[in-house]
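Asker: Attaching a predicted model along with its sequence, questions to come.
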Amino acid sequence: MTTSGNKAGWSGEMYYEGGGSPTVTNRTFSGNTADYGGGMYSRV
């Protein structure tokens, strides 16, 4: 899956907060912008 052109203050595409270990497979992040984490932001 490809997603592109997303814009946000926190994570242009994917935001993760909490314990554990997220796994992302078969994914393309392209052209996403954000103040923190243009493609993916992880906060633990």
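Answerer: Received the coordinates, thanks.
Asker: in this protein, which spans are helices?
Answerer: Here the chain has no helices by DSSP state H.
Asker: any chance you could map the strands in it?
Answerer: 2-4, 7-10, 14-17, 28-30, 33-36, 40-43 (DSSP state E).
Asker: Any idea how far apart the tips of stretch 3-13 sit?
Answerer: 8 Å (CA to CA, to the nearest Å).
Asker: Now the phi/psi pair for the closest residue to F29 other than its chain neighbours, please.
Answerer: Distances taken as CB to CB, 6 or more residues apart in numbering place G39 nearest to F29, at 3.5 Å, with adjacent residues excluded. From N, CA and C alone the C-beta is placed, and that goes for glycine too. G39 adopts backbone torsions of phi -100, psi -50, taken as degrees, to the nearest 10.
Asker: Verify the contact between G39 and N32 for me.
Answerer: Yes: G39 is within contact range of N32, at 5.2 Å (criterion: CB atoms under 8 Å).
Asker: about what we covered before: output the strands of the chain as TSV; include the columns mean pLDDT and mean neighbour count.
Answerer: As requested, those are exported to TSV (pLDDT from 0 to 100; neighbours: other CB atoms under 10 Å):
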stretch	mean pLDDT	mean neighbour count
strand 2-4	75	12
strand 7-10	77	12
strand 14-17	78	14
strand 28-30	81	12
strand 33-36	80	14
strand 40-43	76	15
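Asker: With that, I have no additional questions.
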